[in-house]
Every structure is written in C-alpha cells, then in structure tokens.
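Colleague: From the sequence below, what's the structure:
(chains A and B)
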There are 2 protein chains.
Amino acid sequence: VPEFDEFAAIARFFAPLARAEPGANGLTDDGATLALPAGEELAITTDTLIEGVHFLPDDPAGDVAAKALAVNLSDLASMGARPRAYLLALALPRVWGASRIGDWLGRFSAGLAEAQAAAGVALVGGDTVTTPGPLSLTVTALGTVSAGAALRRSGARAGDLVWVSGTLGDAALGLAVLRGGLAGVAAADRESLIARYRRPPARVALGRALVGLAHAAADVSDGLVADLGHICRASAVSAIVEVDRLPLSPAVRAALAAEPALIGRVLDGGDDYELVFGAAADAAADLAAIASRLDLPLTAIGRLVAGNGPVTVLDGDGRAVETGTGGYRHF
Amino acid sequence: VPEFDEFAAIARFFAPLARAEPGANGLTDDGATLALPAGEELAITTDTLIEGVHFLPDDPAGDVAAKALAVNLSDLASMGARPRAYLLALALPRVWGASRIGDWLGRFSAGLAEAQAAAGVALVGGDTVTTPGPLSLTVTALGTVSAGAALRRSGARAGDLVWVSGTLGDAALGLAVLRGGLAGVAAADRESLIARYRRPPARVALGRALVGLAHAAADVSDGLVADLGHICRASAVSAIVEVDRLPLSPAVRAALAAEPALIGRVLDGGDDYELVFGAAADAAADLAAIASRLDLPLTAIGRLVAGNGPVTVLDGDGRAVETGTGGYRHF
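Modeller: Below you'll find the model as predicted:
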C-alpha cells in the first residue's frame, strides 16, 4: 500500500489553488504573506467541519469543499468584510489509504477550485495530515474591511427591526430528509432541501451592503433563535419574532403543511447561513433597494425591545412558541 | 451526563485569552478584526496537531497547548515575522464527556495563557466542536513583517553556508524515550529529551534578526534533511552537510554514545523547531553577534552548491551517510 505523500498532494491538488495570490508563493513556504490595502483592516474567522457531525459520510467531496469554504465566508459576510484568501487544514482518515485519499482529494480540490473562483478568493496556506479519526477540515478565512466599519453583534438597539435574508429552515429540513425523514414531501422539494444543506450560501454581497446600515449582524449557523439571541445578549436588548413573518421556501412550506411540528426546526435548526440583522425602522427603503439589486429577499421578522437577551417567538394569535433554549447544536 | 456547552466554554476558558486584542471583541462575534501597522504585511500559517500522531495521549494538557502554539510560531519565525495573534480550532473527543472536557480545558487554557504571554500574542478567534475521533487542534498564527522582507525558502544561493540554531535531534530522541526506547541513557538526559519533544522552542527572535541577513530559511519540523531539502528545491541548489559539525546537546551525545545508529534520527527526526538557513559566508561575524545577543548557538553545518535539490550528508571520513529520502513523517 503506497503511503500518502503530503508534498506530492500539495503540489498536485492544492498549489494550483494558490496561483492567484503571489504571497502564497505556490504553497512552498512555511506560511504566506498578504499586503492589505491602505485604510483596510483584516477580518479573520475559522470553522471546523467533521464528517458525521457537520456533514454526512455520503456527501459528495465537491459539496464538502464548497461547504467548508461557505461557512467561513458566511462569517466574513456577517462582518461586512470582502473575502480575500483562506487556509485549509485537512485531516484525512488513515484507513482510507493513499488511493482513496488521492481519489477524494481530486474531487475535493475540483470543488474547491469552483467554489473559490465563485467567491474570488485564493488558497494561501494549510496543513495536510492523516488521522486515526474521521475526515475533518478547518478553514480559516481572511477578508478586509474598512478600518472600524466591520459589522458586530453588539450594536443593535431597542426599536430596531429584525431582518433576515433568503429563507429559513431549508438546511435543517434537508438534513432531516438525509436522515430518512419527511417521506410525505414531494421528491423535488426533498432534493431542494438537501441541496441547501449540502451547498449553503454565503451572503457576502449582502454583508458588504449592510456596512453602515445594519446596527448588528450575525449569520444563521446555530439556528435563528440562537443566533438572534447572540445579537441580543451582545447588544443588551431582547427580540420579539412573529412566526407568520418568517420567510419560507416552497419546499419548507410543503414540509410544514405535512408536519406542522417542523416549525421548531425552522426556528432552531442550524446551517441556513442567511444573515440576521437589526436595523433602524427607517432603513426599510434602503434595504428594499439592496434586496432588489441583489435579487435576494430581505424580510422583517420582528423587532428589538428593551431587555437582556431573550428571543420570544409569537404565533399568529400572539402566543409564545416554545423554542430550544440553546438553539441547534451540531453535536 | 451534562452536555458540553461551547458558549460556556468560550466564556470561561477562552475569552480571558482574548483580552489584550480589542479586535477579538471578547470572542463574541463571528470573527475578529486586526489593523496592521503601516508598512507591514500579514504573515500567516496554520498547523494541525492530532493526539496519537503529533503528541501522545499522556502528554500534559499544558504542554499540548504550548506545543500547538509553538509549532505555528516557529513557522512565523522561519519567515522572520513578528507574532501578533492566533486562532484555535479545537475538536474534543465526545467520549470524554462534559466533565473530563471541562477538566482538560482548564489545564489546557492555563498552559495556553502562559505560552501566549511568553510569546506576546493573543487569541482572536476559533471554533470548538466535539468529535467522534481523537483530540485535535488547529492553530492559525498571525504575524506581521515589513512589506517584502519576509524570509522565504527560495532565496538561497550556491556558496552560502548552511546554519542551524540550537541543537538537533533532542525531540526525536525524546519521542523514542516516550515510546520505551533509550533505556541505556541516564534518567536526567531522558527527561531533558522528553521536555524538548513536549515543549519545542519557537525561534522568533532569531527569525526576526535574520531578516535581511539570511538568504532563505525554514524551521526544522519534518527533519533536518527534509527541511533543508525544501530550501534546496525551492532555491535550485544542493547541500552538503558534515555530520561532525551538527550541534548536539549533551543528552543527544550520551544517547549516540550508547547507540550510534541513532544519528539517523538526528538527521531525519522531526519536531526540533530550530531554524535552518542559508547565508553568505561573510555573514558569519553578524551571525556570531546575533548568537551572542540571543544566547542561542548558531552553527555552520555545511554549504550550498550548484545542483537541483539533493542534501548529501558526509561523515568524518567524507563518506555519504544514508538518510531517509523524504525525511521524518509524523504519520
């Protein structure tokens, strides 16, 4: 059995992904250098994905690549940053052997090439090891943002409206489908939900448009209630969300029609990677223009009030809906 | 069994490590922002450590913390960069349960606090997940370096002398001791070797002093022959190393006296985290002054010649010593 060769893998699969960034030096150095434009500061974030925890063993390698990049770009989006580059630390299961590793890396790096081209970023460094454990990937994403302008979770104010982009719940219900659930939903809707779980968006253009307009923002990675709760606690406010205002895709509406209890997964499910943000009520016209320009729905789902963190979700009769206290947990 | 709570762990163990860097915002945001000094560019690198591969299950949590940081700072050192901050992605074994995880995180974060204080860096972000696999840590280290001044592997020239810092082989022999070997070596020497495996140095001050003086540099993480080979291939030269010139600690000398064949581990063993670099012959006086100022031996072990990559190691009789073709592999 041939041994996995890290340096050959870098040269074959990863060096081509580093060509656009001179400071990556073809991935032949101990690290990369990056010059930032004048007046810009660095925005940086990291997220780990583990097989069986954050994605499924059957997920295609190209989807895993796109997702690992997207969840990090989504964090940059929530800061209003312009993505620039990323690093990839990859732990490959030793039991796969060199042949399966090479095959997987071929499909993975092809997916990564496509995803980084769409995002306009380049690979600038990383580490590749083998592990006795499951496949795992840690991406560190680098962006730039005008000095002092980054969106935070902490600037929201009582009186702000709460907005979300896109639609909510698709990814959580896609995971439910992959686990054998939602048998009563039409095949096309099931495929649409799965696609959203495997290929989450990163609302980068929206995040950049929100700089100077939103008071606080986060991406919906842990679930709407949990991530809005992060904004509320960081900003020392509370939130009231009206469940009837949640933006839902046709597939999610079909699933809810079949199983109304799934509304809990829409509220607490993770992996949507939409942005949730607070903005002054008089920002509505500007937000409508942004939504139109980006062809991305922006929906006011509630409001922020004086308080110390709780997120209350009200149904159509004004009664509080029960939600998970800590939101979705991947583990 | 209480579930591991990521947010509570961040607040308790990691937020205190982020206090010194305002852009980390107490680790409550999706990412951090960092402003770079004018005229400086970012230097960035990432390395993963996996239990049972890069450190041993019995290694103390504080040592694991110090090592995870050191191996990344060592990469910044080899670039001549000034360390500034780091991110930590941590995958904790689910089978440990919340109680053991909490206990380990307490000792780990205490070690990290000590190590980051010594290095003058702050934690600015990360991710904490649980995994069905072994404990693993990915650190991404950020530094700054004067624009265009970073040391590379690619600038070495035929005629340069090859230098290394400190002593070589201690870590590889320390690992051999931990695996039950070197029974004939005195207990104090064995402890000294183990300490070097568990607590590698990061030659940051040396790296910064070498900017403008060394033509090319790398850290000795994969083994002297392998890492010098990286410099040679990147610089399109070959190297001749004289084994009698290698700087060896008293403990390594004692081990070699008992088992002369261990010289192979000195040449090919990894985890030394010394710097190996090429510099013009007339840099010797400057290097002697740096060695004196830093109280760190710098030793010329050979020279670079015209060629295309091979590293030849000669014994005292001028005969080539056999070395591993790819150097030390962690896996």
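Colleague: Now residue A:214. Nearest residue, chain neighbours left out?
Modeller: If you skip the residues right next to it in sequence, residue A:214 has residue A:277 as its closest partner in space, 4.1 Å away by CB to CB, 6 or more residues apart in numbering or on different chains. For every residue, glycine as well, the C-beta is placed using N, CA and C.
Colleague: Residue A:276 contacts residue A:224, correct?
Modeller: Yes: because the distance of 6.5 Å satisfies CB atoms under 8 Å, residue A:276 is recorded as touching residue A:224.
Colleague: between the two, which one's more packed in?
Modeller: For residue A:276 against residue A:224, the residue with the higher neighbour count under other CB atoms under 10 Å in any protein chain shown is residue A:224, and the figures read 31 against 27.
Colleague: any idea how far the more buried one is from chain B?
Modeller: For residue A:224, the distance to chain B (CB to the nearest CB, to the nearest Å) stands at 15 Å.
Colleague: repeat for residue A:36
Modeller: When CB to the nearest CB is applied, the distance between residue A:36 and chain B equals 6 Å.
Colleague: Tell me the helices and strands packed up against the helix or strand harbouring residue A:83.
Modeller: With elements delineated by DSSP states H and E, residue A:83 resides in strand A:82-93, which encompasses its position. In terms of contact count using 3 or more CB pairs under 8 Å, 6 or more residues apart in numbering or on different chains; DSSP states H and E, strand A:82-93 is assigned the packing partners strand A:32-34, helix A:61-79, helix A:97-119, strand A:122-131, strand A:136-146, helix A:204-210, strand B:40-50, strand B:136-146.
Colleague: Go through the ones you listed and name the closest to residue B:7.
Modeller: Counting by CB to CB, residue B:7 lies closest to helix A:61-79 out of the helices and strands packed on strand A:82-93; the figure is 15.8 Å.
Colleague: which ones are touching residue A:297?
Modeller: Residues touching residue A:297, when contacts are defined by CB atoms under 8 Å, 6 or more residues apart in numbering or on different chains, comprise A:165, A:166, A:167, A:247, A:291.
Colleague: what's the farthest-apart pair in the residues you listed?
Modeller: Within the contacts of residue A:297, A:167 and A:291 form the most distant pair, 13.0 Å apart (CB to CB).
Colleague: Quick check on these two: which one has the bigger neighbour count.
Modeller: The neighbour comparison of residue A:167 against residue A:291 (other CB under 10 Å) goes to residue A:167, with 21 against 17.
Colleague: Look up the pLDDT of the closest residue to that one other than its chain neighbours for me, please.
Modeller: Spatially, and ignoring its direct neighbours in sequence, residue A:167 is nearest to residue A:249 (4.2 Å; CB to CB, 6+ apart). If you check residue A:249, the pLDDT there is 97.
Colleague: and what of residue A:323?
Modeller: You'll see residue A:323 listed with a pLDDT of 85.
Colleague: Nearest residue to it in space, please, no chain neighbours.
Modeller: When the adjacent residues along the chain are set aside, residue A:323 lies closest to residue A:225, with 4.6 Å between them (CB to CB, 6+ apart).
Colleague: what about the strand or helix carrying that neighbour, distance to the chain center?
Modeller: Remark: residue A:225 resides in helix A:224-235, with elements defined by DSSP H and E. How far helix A:224-235 lies from its chain's middle: 16 Å, per CA atoms, centre = their mean, to the nearest Å.
Colleague: Would you give the sheet partners of the helix or strand just after that helix, along with the direction of each?
Modeller: Stepping forward along the backbone from helix A:224-235, the first helix or strand reached (DSSP H and E) is strand A:237-242. On the basis of DSSP bridges, the sheet neighbours of strand A:237-242 come out as strand A:298-306 (antiparallel), strand A:311-314 (parallel).
Colleague: can you redo those as JSON lines with mean pLDDT and distance to residue A:242?
Modeller: As requested, those are arranged in JSON lines below (pLDDT from 0 to 100; distance: least, CB to CB, whole Å):
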{"stretch": "strand A:298-306", "mean pLDDT": "98", "distance to residue A:242": "6"}
{"stretch": "strand A:311-314", "mean pLDDT": "95", "distance to residue A:242": "5"}
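Colleague: No further questions, thank you.
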